[in-house]
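Peer 1: Got a predicted structure plus its sequence, pasted below:
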Amino acid sequence: MPKLIIICGLPGTGKTTLANELSKKLKLFCLHKDSVKESLYDSLKMRSLNDSKILGLPSVKTILDLAEENIGRGVSVIIESPFNFENDRDIFEAFKRKYSVEIYTIILQLEATERKKRFLERERHTSHHDEQRERQYAEAESTYTHMPEPRLFLDSKNSVKELLKETLDFIY
C-alpha cells in the first residue's frame, strides 16, 4: 500500500528542509509547491508579484495531480506545501477512498518571532519577490485540524536530525 506523506506548515517553519531530508532518507520522490511555481515562473517568463500570486493555486494543483498519478501506480510520495485551506481535507480523503493510500500528515510549527526571522532571512527564488520585500510576512495561523489523521505536530526549533527521527518514528 502506498504512503502519502504530507509536510505542511506556515511559511518559514522549515517544510522544505524536512521534506528534502526525508526524501533522501526514504528514497522517495518529493513534490514541492515552490519548485513547481519557480519552474513555471521562469518558463513563462513571468516577472511580477501578481504573476507569482497567479501561480500559487496551479502549483498546488500540479503537485496534487502528480501525487495522485503516482499513488495510483502504487508509488509512495512526499508532498510539501502550506496546505492551510480547509478544502484540502476533501482532496486527501478522496485519495484515501480511491487508492487506499496510507496518509501521514506532519505539521511544522514555530514560535512567531523565530518564524518571522526565518521568513525574512531566507534566500529564495526571484518568483517569491522576497528581495524587494514586495511579499510581506503575514501573521498567519492555522490549527491544521482540517488535515487528515494521523497528524504529527513538530516544533521546528529542534534540529533537522531530531525532526527527521520523530517523523520516521511516526511513519514506521
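Peer 2: Sure thing, it's come through. Numbering: from 1, shown residues only.

Peer 1: Could you use CA atoms for every contact and neighbour count after this?
Peer 2: Noted.

Peer 1: which helix is the longest one in the protein?
Peer 2: helix 49-72 (DSSP state H).

Peer 1: Please point out which parts of whichever helix or strand comes after that helix sit buried.
Peer 2: Downstream of helix 49-72, the next assigned helix or strand under DSSP states H and E is strand 77-80. By neighbour count with 16 or more other CA atoms under 10 Å, strand 77-80 contains the buried residues Val77, Ile78, Ile79, Glu80.

Peer 1: cool, stretch 68-79 as well?
Peer 2: The neighbour-count check on stretch 68-79 (16+ other CA under 10 Å) flags Glu68, Asn70, Ile71, Gly72, Val75, Ser76, Val77, Ile78, Ile79 as buried.

Peer 1: Can you list the low-confidence ranges for the chain?
Peer 2: Along the chain, segments meeting pLDDT under 70 span 125-139.

Peer 1: show me where the protein has strands.
Peer 2: Secondary structure of the chain (DSSP state E): strands located at 3-9, 29-32, 77-80, 102-109, 151-155.

Peer 1: Sheet-wise, list the partners of the first one with their directions.
Peer 2: Okay, so that is strand 3-9. Strand 3-9 sits in its sheet next to strand 77-80 (parallel), strand 102-109 (parallel), going by DSSP bridges.

Peer 1: List of residues touching that strand?
Peer 2: 15, 19, 67, 71, 75-84, 101-109 (CA atoms under 8 Å, 6 or more residues apart in numbering).

Peer 1: Can I get that strand as CSV, trimmed to CA atoms?
Peer 2: C-alpha atoms of strand 3-9 as CSV (Å, rounded to 0.1, in the frame of the first residue of the first chain):
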residue,chain,number,x,y,z
LYS,A,3,2.1,6.1,1.5
LEU,A,4,1.4,9.8,1.1
ILE,A,5,3.5,11.8,3.4
ILE,A,6,2.3,15.4,3.7
ILE,A,7,4.6,18.0,5.1
CYS,A,8,2.8,21.3,5.9
GLY,A,9,3.0,24.4,8.0
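
Peer 1: Noted, bye for now.
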